[in-house]
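A.B. asks: Coordinates for the following, if possible.
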Amino acid sequence: MLSLFKNNKKNEKQKKIEESEMYFRAGVAYFEKKDLINSKRSFEKAILLNPENSDAIHNLKVVMKKILIEKKKNLRKSQMLNGSLNKESINNITKNKFGISSQEKKDIDDKQLSLPNPDELSRNQILKILELPSDAVEEMIKEKINNEFKRWRTKVNTSDLKKRYEAETMLSILSKARRVLIK
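C.D. replies: Below is the predicted model of the structure:
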């Protein structure tokens, strides 16, 4: 009698594992068809039936990230269509992605205040920022701008918002330097 009970338990567990595998395969199929909602549901059912299904757990995480990305895209599109996409709303969209604390946000705002506004810079101020003498020749200016552009361009994609802001500001300054200093 005890062995019959063990066999039933074993059969139940095996059935749940097989059913979990079916839901896992369904989740993959939905994902391939870009049906993220049904894919998520299928992976959740697979995990519910077999919490040790590491593939389903991994795929559920992937689907959740994909859903979040799609939500952000849709939000941006709707904001662009209704004209409400502005700096504040972009900050709100990206805030959770980078996990910015209120202190970091304040530091970023302080940093923004300390960097010069590229539109308000004079020729001499630009030369000073580029560490060039006031009598620099055009070839020297071009070389310096190109070198600085290469240096700052790589920093624009960093997740550190302070560095990203600094890089974007420097690229704006370099853009203005090209317009003002090179004829």
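A.B. asks: can you pull the buried residues of the helix or strand hosting residue 76?
C.D. replies: Here residue 76 sits within helix 54-82, counting by DSSP states H and E. By neighbour count on 16 or more other C-beta atoms under 10 Å, the buried set for helix 54-82 is 56, 59, 60, 63. For the C-beta atoms, the positions are set from N, CA and C on the backbone; glycine is no exception.
A.B. asks: and after the worst-scoring helix or strand of the chain on mean pLDDT, which helix or strand comes next?
C.D. replies: For the chain, the helix or strand with the lowest mean confidence is helix 102-114, at a mean of 49 (criterion: mean pLDDT, DSSP states H and E). Next helix or strand after helix 102-114 toward the C-terminus (DSSP H and E): helix 123-129.
A.B. asks: Report all helices and strands that that next one contacts.
C.D. replies: In terms of contacts (3 or more C-beta pairs under 8 Å, 6 or more residues apart in numbering; DSSP states H and E), helix 123-129 is packed against helix 161-181.
A.B. asks: which other helices and strands contact the helix it packs on?
C.D. replies: By 3+ C-beta pairs under 8 Å, 6+ apart, helix 161-181 packs against helix 102-114, helix 123-129, helix 138-153.
A.B. asks: 6 Å - rerun?
C.D. replies: helix 102-114, helix 138-153 (3 or more C-beta pairs under 6 Å, 6 or more residues apart in numbering; DSSP states H and E).
A.B. asks: Run the angle between that helix and helix 138-153 for me.
C.D. replies: Calculated by axes from the mean of the first three to the mean of the last three C-alpha atoms, to 10 degrees, helix 161-181 forms an angle of 160 degrees with helix 138-153.
A.B. asks: Now do the buried residues in helix 161-181.
C.D. replies: 161, 164-167, 169-174, 176-177, 181.
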